[in-house]
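# Sequence and computational prediction follow.
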Amino acid sequence: MPAIVLATLNARYHHASLGLRYLAANMGEHKQDTQIMEFILQNRPEEIIETILAAKPAIVGFGVYIWNVVEMTRVVALLKCVAPEIIVVLGGPEVSYECEQQQIVRLADYVITGWGDISFAKLCRELLQKRPQAQKIIAGIQPQLTDIKLPYALYNDNDIANRTLYVEASRGCPFKCEFCLSSLDKTAWAFDLDLFLAEMAKLYERGARQFKFVDRTFNLNIKASARILEFFLERLDDKLFVHFEVIPDHLPDQLKVLISRFPEGSLQFEVGIQTFNPEIQALISRKQDTAKTEENLRWLREKSHAHVHVDLIIGLPGEDMNSFAQGFDRLVALRQQEIQVGVLKRLRGTNIIRHTETYDMRYTPYAPYTILATDRIDFATMQRLVRFARYWDLVANSGRFPQGLPLLLGDSPFTHFMAFSDWLYATTRKTHQIALDRLFDLVYRGMIECLSIPQTEAFAAVERDFILSGSKEIPAFLKAKKSDRDGTRQVRQVRPTSRQARHLVTET
């Protein structure tokens, strides 16, 4: 029987495609003839095509996302150049909307928009029976979740040993935040919890310890959330790590009791704040009880061992830099372990596009469609903010500067870190490929030259951070200090004693 290949380009090797595994699990009579091939963005298109062609496929299905569409377009173009007889089917969120505008869609034979779990297998059966479709763009059928076979058995032993395993207890989202693709869903749908937990138990028994839930609203159904937390609490060991995305203002006592039982390093929450400005929240159709959100974040920080990753977005319609700065300072005051400063992207199909003219929103005309300017933030300022986000990752989110970061932020975190960010870029003209030893040196210098922090304080803090980091490459400021000490010792070795000095004076 002709082979079918399912392929995608992951951002990194440790990511494992859940979408491809869903497609493969639901191939029915063609399951044994279907092969999953995962590549990364750094793979050359020629190497990818060579690997795919070695399987002699009749059909290749590609998963297309905002992060891989540029590279995937080259792969599809090359495949169609060297093997035009192979049928190419596209799917995934990037090609599910505004299809006609995309080069990759023009290159392909078919595109399945939306849910592909059942629709891809159906299309393959018809194509292999020599029944071509009348339409190139095929709307995916959204089945009942009970009709979808779960894919977790398709994580192999290598995946379990070396990669993050993505899982989902539910799909969809009832909220309508206009920057998010999930806002297009009508509601959230839950998989059968008994079947889901049975699959999780099998993964655990096979050695899986890294579970990343992709549910948009993990704590929407408290009863289901509690059962999942209890499942992992019963299996706690020193290797277990579970990640959830949670609604920030919905954390009842039943969940708090369970969360508090997880030890440090075993539980991570991703919390979408996006903006604290109520006017902007209303503008983008985001419902959020800010007071309750802050209360819950304080509780997580003070009463649990969960690692909390909170998100803010730069460039939302109607938000200026001052509004963003106030939200950033508010989050810093809540002492969260990680603040992810994201830059708005115009995801295809989302309702954020309705604000384009009113707020003069300019995006890059190519993926990932990042905001370039708005009526409130001009291009030059937006680039400063983008660098701010990058340097924040390097210095704050990296966890390398527990002593130095409070000095950098002082009593005005956004203002101080923005000044440091501007200085850092003016000094290096780089946002990437900054060696670790140089980064330590730059943080030390920035404290002194940019923020006027006393040298002794800056030295003590960054020296301590360097020692705690375990890095072996000594930064320049520590080398200079060591050299000064060595030089001082050398001078002392040749300096005459007081008795010798008196003798020399007498002789003179």
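On my side now, so go ahead.

# Quick one: classify the residue most central in space within the chain as helix, strand or coil.
The residue lying closest to the centre of the chain (Cα atoms, centre = their mean) is residue 340, at 8.6 Å. Following DSSP: H, G, I helix; E, B strand; the rest coil, the label given to residue 340 is strand.

# Could you report the distance from residue 307 to residue 399?
Look at residue 307 and residue 399: by Cβ to Cβ, to the nearest Å, they are 10 Å apart. Backbone N, C-alpha and C define where each C-beta goes, glycine included.

# where along the stretch 101-250 of the chain do the helices fall?
For the stretch 101-250 of the chain, helices defined by DSSP state H, counting those that start in this stretch occupy the ranges 103-107, 119-128, 157-162, 193-205, 222-233.

# Relative to residue 313, which of these is closest?
helix 222-233 (25.3 Å; Cβ to Cβ).

# packing partners for the closest one?
helix 193-205, helix 253-259 (3 or more Cβ pairs under 8 Å, 6 or more residues apart in numbering; DSSP states H and E).

# buried residues in it?
224, 225, 226, 227, 228, 229, 231, 232, 233 (16 or more other Cβ atoms under 10 Å).

# which residues sit against the one helix or strand residue 386 maps to?
Per DSSP states H and E: residue 386 is located in helix 379-392. Applying Cβ atoms under 8 Å, 6 or more residues apart in numbering, the external contacts of helix 379-392 come out as 314-315, 321, 324, 339, 341-343, 362, 370-374, 377, 417-418, 420-422, 424-425, 431-432.

# Now, these that are in strands?
Among the contacts of helix 379-392, the residues falling in strands (DSSP state E) are 314, 339, 341, 342, 343, 362, 371, 372, 373.

# Tell me which two in those residues are the farthest apart.
Most distant of these, by Cβ to Cβ, are 339 and 362, 25.6 Å apart.

# now residue 14, nearest residue through space, not along the chain?
Of all residues not flanking residue 14 in the chain, residue 163 sits nearest, at 4.9 Å (Cβ to Cβ, 6 or more residues apart in numbering).

# Can you report how many residues neighbour residue 120?
For residue 120, the neighbour count with other Cβ atoms under 10 Å is 26.

# Counting neighbours around each, name which of residue 307 and residue 399 comes out higher.
residue 307 (18 against 13).

# Name the nearest residue to that one, sequence neighbours excluded.
Here the residue nearest residue 307, using Cβ to Cβ, 6+ apart, is residue 268, at 4.5 Å.

# if I pick that neighbour, what's in contact with it?
Here residue 268 is in contact with 241, 242, 243, 244, 306, 307, 308, 309 (Cβ under 8 Å, 6+ apart).

# hang on, it in a strand?
Yes - assignment of residue 268 by three-state DSSP places it within a strand.

# in the sheet, who's paired with it?
residue 243, residue 307 (DSSP bridges).

# my guess is the residue nearest to the centre of the chain meets residue 328, correct?
No - the criterion here is Cβ atoms under 8 Å, and residue 340 misses it with residue 328 at 11.5 Å.

# list the buried ones in the helix holding residue 386?
Quick answer for helix 379-392 (16+ other Cβ under 10 Å): 382, 384, 385, 386, 387, 388, 389, 390, 391, 392.

# next one: stretch 235-246
By neighbour count on 16+ other Cβ under 10 Å, the buried set for stretch 235-246 is 240, 242, 243, 244, 245, 246.

# Kindly state the pLDDT recorded for the fifth one?
Note on residue 245: pLDDT of 95.

# mind listing what it touches?
213, 214, 215, 216, 217, 218, 269, 270, 271, 272.

# ok, residue 481 - how many residues close by?
13.

# I'd like the distance between the closest residue to it other than its chain neighbours and residue 316.
Distances taken as Cβ to Cβ, 6+ apart place residue 459 nearest to residue 481, at 7.3 Å, with adjacent residues excluded. Distance, residue 459 to residue 316, by Cβ to Cβ: 40 Å.

# Neighbour count for those two, which is higher?
residue 316 (28 against 17).

# Does the more buried one touch residue 279 like I think?
No - counting by Cβ under 8 Å, residue 279 is not a contact partner of residue 316; they are 10.5 Å apart.

# about what we covered before: gap between the closest residue to the residue nearest to the centre of the chain other than its chain neighbours and residue 15?
Using Cβ to Cβ, 6+ apart and skipping residues adjacent in sequence, the residue nearest residue 340 is residue 311, 4.9 Å away. Using Cβ to Cβ, residue 311 is found at 19 Å from residue 15.

# Between these two, point out the one with more neighbours.
The residue with more neighbours, out of residue 311 and residue 15, is residue 311; 18 against 15, by other Cβ under 10 Å.
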